[in-house]
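**Student:** Structure for the following, please:
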Amino acid sequence: MGKARAVPYLLKVLEVDDDYRFDILYWIGRSYQYGMEFDKALSYYDRYKNKLTQQDGYRGRDKVSLDDVNRRIYECQNAREFVANPSHYSIVNLGNSINSEQEDYAPVLNQDETMMVFTSRRKEGNINQNVFSDNKPFEEIFIAYKENGQWQPAQNIGETINTEFHDSNLALSADGNQLFLYKDENNGDIYESYKKPDNTWTFPQPLSENINSEGFKENAVSISPDGSLLFFASDRPGGAGGIDIYYSIKDPETEEWTRSKNVGPKINTEYDDDGPFIDYDGKTLYFSSQGRNGMGGYDIFKSEYDSAKGEWGEPENLGFPINTPDDDIYFVSTEDGKRGYYASVREDGQGYTDIYMVTILQEGEVGETIAKKEADEDEAVDEEPESKELAKVEKESKQLAPVKITVNVLGDKKEAVDAKISLTSVDDNRVAGKTRVGTGSYEFSVTSPEVKTYRLSVEADGYVFQTIEIKAPAAKEEPQSISRNVQLRKLQLGTRSVLRNIYFDFNKATFKQESYDELNKLEAMMARNPGMVIEISGHTDNIGAKSYNKQLSQLRANAVKDYLVKKGVDARRIKSVGYGEEKPLASNDDEKEGRELNR
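**Tutor:** Numbering: from 1, shown residues only. The predicted structure follows:
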């Protein structure tokens, strides 16, 4: 998100002096690409290509090569296709038991998902209370345990593992007893530590020279469930590109890792390939690549090893919304293959980078469950051929046609306005496929066997963002379509807007997890409009004493202000006022539609 915010500044540079940098058009394109505005990115990339053609003899240091810009164009073309046809994933933030207001990343888990180790740059619990040169706390390793299905608050893993400098984890064995770490020694090496019976850890020791090279970096590792195979990433010479993925087999007699080998051209490319994770099936490799059919930065891929052929299959991009135009890396899967964990910068994040759980959904899950049940019945009963044919016809008839939702974005004079727009299901954070069909006009495609509520997010420069809910009908065999117009209001003195998705727990001034998406949109709008000054008006329902409610509403307004200030907004631009129950937004007679909204 941060890289996309460079657009207005770069456009201003272009307006003032289009010769300030030779490659200014390229960097505007890059910023639009990060912001998921691929048509605008392609327009600036094409303009930059024309400039390269016209000034072919230019040799300045601020020149980006034709090969690089062609790669970006290819990524944007891929991205448009992925966004129009998103993969079936539910991506959910793990909440404040795991995530902080700083970077949290590199999650690794044991086989039964009861223990998670990850790296964080939070101040709370950090052994070193000083900051690094970037004015952020040092990296440290944290650990969390799941009890009764809930992650308990993460704790520092301890001084045996963490030092006064940067410390980060890499991998965890299936039983949770062997932890792999990264240290800057020897330009970057892999270390290992073992869990002791009292839940403390042994002093980390480097892996052998068959894994760690002399003077080159090894910064990612994964061990097979049976402990016999190790995958890792290294920038050592002799590979296909800058960073390649290698493997080593454990000698069953000596228990030592044998000399490592490159996994080969089916996985490694001329670009960087990193972040390997060998799945619990022992044959599926997840990894991240800056090459192949990516959207930009690192994308996560998977490949399956064919033991009969002795080679890896063609890698498959996991698609949007897991992958984005920025770096997506260090994905780990679960034993049943139905979930995964990784870190990403997303709009509902609490900090810069948060840890998310990915649930793999199936298109038309209800219909598929019915079909499977019928198939089981087919096997149990020796039916007549006609009966089986009828069952086959009935299964085929259950195919559901997508519901098309057209959204037209209008300005204050009802003119069409291009916007940053998304549609996500409220219950499971599933992203709908999107295609731009014209200026300010977007078409979404959703398929659900039941009526489903979606959250529509619309943002445009110079306007107040809107987040509204849309109910989509249950998908049927026949195609259906609905249309919605969204009129935005200009940002001007006196403009008032209800933040409908910032919620607090009853009797508290602490945010619910679903509030962060709206909070981050508010912060982004203020960042895009540095002259904007706002009042945050806090409200409560009418349960409790009026004086207490007024105090509580002030605390809630202060909480919003504090969040924005921690994100970098100047405190002088924000006034927070608590109105208590004095100015209700809805009737307090009903909990869901009234009191909850007033909170």
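
**Student:** need the longest helix for the protein.
**Tutor:** In the chain, taking DSSP state H as the definition, the longest helix is helix 546-566.

**Student:** Restrict it to CA atoms and write it as PDB.
**Tutor:** The C-alpha atoms that make up helix 546-566 are tabulated as PDB, following Å, rounded to 0.1, in the frame of the first residue of the first chain:
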ATOM      1  CA  LYS A 546     -25.100   9.200  30.400                       C
ATOM      2  CA  SER A 547     -22.000  10.600  32.000                       C
ATOM      3  CA  TYR A 548     -20.200   7.200  31.700                       C
ATOM      4  CA  ASN A 549     -21.300   6.900  28.100                       C
ATOM      5  CA  LYS A 550     -19.900  10.300  27.300                       C
ATOM      6  CA  GLN A 551     -16.600   9.400  28.900                       C
ATOM      7  CA  LEU A 552     -16.600   6.000  27.000                       C
ATOM      8  CA  SER A 553     -17.300   7.700  23.700                       C
ATOM      9  CA  GLN A 554     -14.400  10.100  24.300                       C
ATOM     10  CA  LEU A 555     -12.100   7.200  24.900                       C
ATOM     11  CA  ARG A 556     -13.300   5.600  21.600                       C
ATOM     12  CA  ALA A 557     -12.700   8.800  19.600                       C
ATOM     13  CA  ASN A 558      -9.300   9.000  21.300                       C
ATOM     14  CA  ALA A 559      -8.600   5.400  20.200                       C
ATOM     15  CA  VAL A 560      -9.200   6.300  16.600                       C
ATOM     16  CA  LYS A 561      -7.000   9.400  16.800                       C
ATOM     17  CA  ASP A 562      -4.200   7.400  18.600                       C
ATOM     18  CA  TYR A 563      -4.300   4.800  15.800                       C
ATOM     19  CA  LEU A 564      -4.000   7.400  13.100                       C
ATOM     20  CA  VAL A 565      -1.100   9.200  14.900                       C
ATOM     21  CA  LYS A 566       0.800   5.900  15.300                       C
END
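
**Student:** Give me the next element, helix or strand, following that helix.
**Tutor:** Toward the C-terminus, helix 546-566 is succeeded by strand 574-578 as the next helix or strand (DSSP states H and E).

**Student:** and the angle from that following strand to helix 546-566?
**Tutor:** Here the directions of strand 574-578 and helix 546-566 differ by 160 degrees (axes from the mean of the first three to the mean of the last three Cα atoms, to 10 degrees).

**Student:** May I see the buried residues of strand 574-578?
**Tutor:** For strand 574-578, burial by neighbour count (16 or more other Cβ atoms under 10 Å) applies to 574, 576, 578. Any C-beta I mention is one placed from the backbone N, CA and C, and that applies to glycine too.

**Student:** what's that strand packed up against?
**Tutor:** With contacts taken as 3 or more Cβ pairs under 8 Å, 6 or more residues apart in numbering; DSSP states H and E, strand 574-578 sits against strand 534-538, helix 546-566.

**Student:** nearest to Tyr247, of those?
**Tutor:** helix 546-566 (42.9 Å; Cβ to Cβ).

**Student:** Quick check: mean pLDDT of that closest one?
**Tutor:** Helix 546-566 comes out with an average pLDDT of 88.

**Student:** Show residues contacting it.
**Tutor:** 101, 499, 502, 504, 507, 509-511, 519, 522-523, 526, 536-544, 571, 574, 576-582 (Cβ atoms under 8 Å, 6 or more residues apart in numbering).

**Student:** How far does it sit from its chain's centre?
**Tutor:** Between the centre of helix 546-566 and the centre of its chain there are 29 Å (Cα atoms, centre = their mean, to the nearest Å).

**Student:** got the angle between it and strand 534-538?
**Tutor:** Going by the same axes, to 10 degrees, helix 546-566 is angled at 140 degrees with respect to strand 534-538.

**Student:** neighbouring contacts of stretch 232-243?
**Tutor:** Stretch 232-243 has contacts (Cβ under 8 Å, 6+ apart) with 190, 211, 213, 216-222, 244-248, 260, 262, 265, 268-276, 291.

**Student:** Restrict those to the buried ones and give me that as a PyMOL selection.
**Tutor:** To isolate the buried ones among those in PyMOL, judged by 16+ other Cβ under 10 Å, type:
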select buried, resi 190+211+213+217+218+219+220+221+222+244+245+246+247+248+260+262+268+269+271+272+273+274+275+276+291
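
**Student:** Lys49: what secondary structure?
**Tutor:** The three-state assignment at Lys49 reads helix, by DSSP: H, G, I helix; E, B strand; the rest coil.

**Student:** got the contact list for it?
**Tutor:** By Cβ under 8 Å, 6+ apart, the contact list for Lys49 reads 66, 69-70.

**Student:** for Val458, same thing?
**Tutor:** By Cβ under 8 Å, 6+ apart, the contact set of Val458 is 407, 409, 419-421, 465-468, 486, 488.

**Student:** Show me the helices in the stretch 351-500 of the chain, by range?
**Tutor:** 365-380, 385-396 (DSSP state H, counting those that start in this stretch).

**Student:** which one of those helices has the lowest average pLDDT?
**Tutor:** Of all the helices of the stretch 351-500 of the chain, mean pLDDT reaches its minimum on helix 365-380 (a mean of 40).

**Student:** Please parse this protein into its domains.
**Tutor:** 3-84, 89-360, 365-396, 498-599 (automatic domain parsing).

**Student:** Now render the ones you listed as TSV, adding distance to Thr439.
**Tutor:** Formatted as TSV, the domains of the chain follow (distance: least, Cβ to Cβ, whole Å):
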stretch	distance to Thr439
domain 3-84	10
domain 89-360	22
domain 365-396	36
domain 498-599	20
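
**Student:** Can you flag the weakest of those by average pLDDT?
**Tutor:** For the domains of the chain, mean pLDDT drops lowest on domain 365-396, to a mean of 44.

**Student:** For PyMOL, what selects the buried ones among the contacts of helix 546-566?
**Tutor:** Of the contacts of helix 546-566, the buried ones can be selected in PyMOL as follows, counting by 16+ other Cβ under 10 Å:
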select buried, resi 101+499+502+504+509+511+519+522+523+526+536+537+538+539+540+541+574+576+578+579+580+581
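
**Student:** Quick check on the residue lying closest to Asp18 once chain neighbours are set aside: phi, psi?
**Tutor:** Sequence neighbours aside, Ile24 is the residue nearest to Asp18 in space, at 6.8 Å (criterion: Cβ to Cβ, 6 or more residues apart in numbering). As for Ile24, its main-chain torsions (degrees, to the nearest 10) stand at phi -60, psi -40.

**Student:** Do I have it right that Ile24 meets Tyr9?
**Tutor:** No: judged on Cβ atoms under 8 Å, Ile24 makes no contact with Tyr9 at a distance of 11.0 Å.

**Student:** Neighbours of Gly411, how many?
**Tutor:** Around Gly411 there are 17 other residues, counting by other Cβ atoms under 10 Å.

**Student:** Ok, His88 next?
**Tutor:** 15.

**Student:** just Asp281 next, same as before
**Tutor:** When neighbours are defined as other Cβ under 10 Å, Asp281 has 13 of them.
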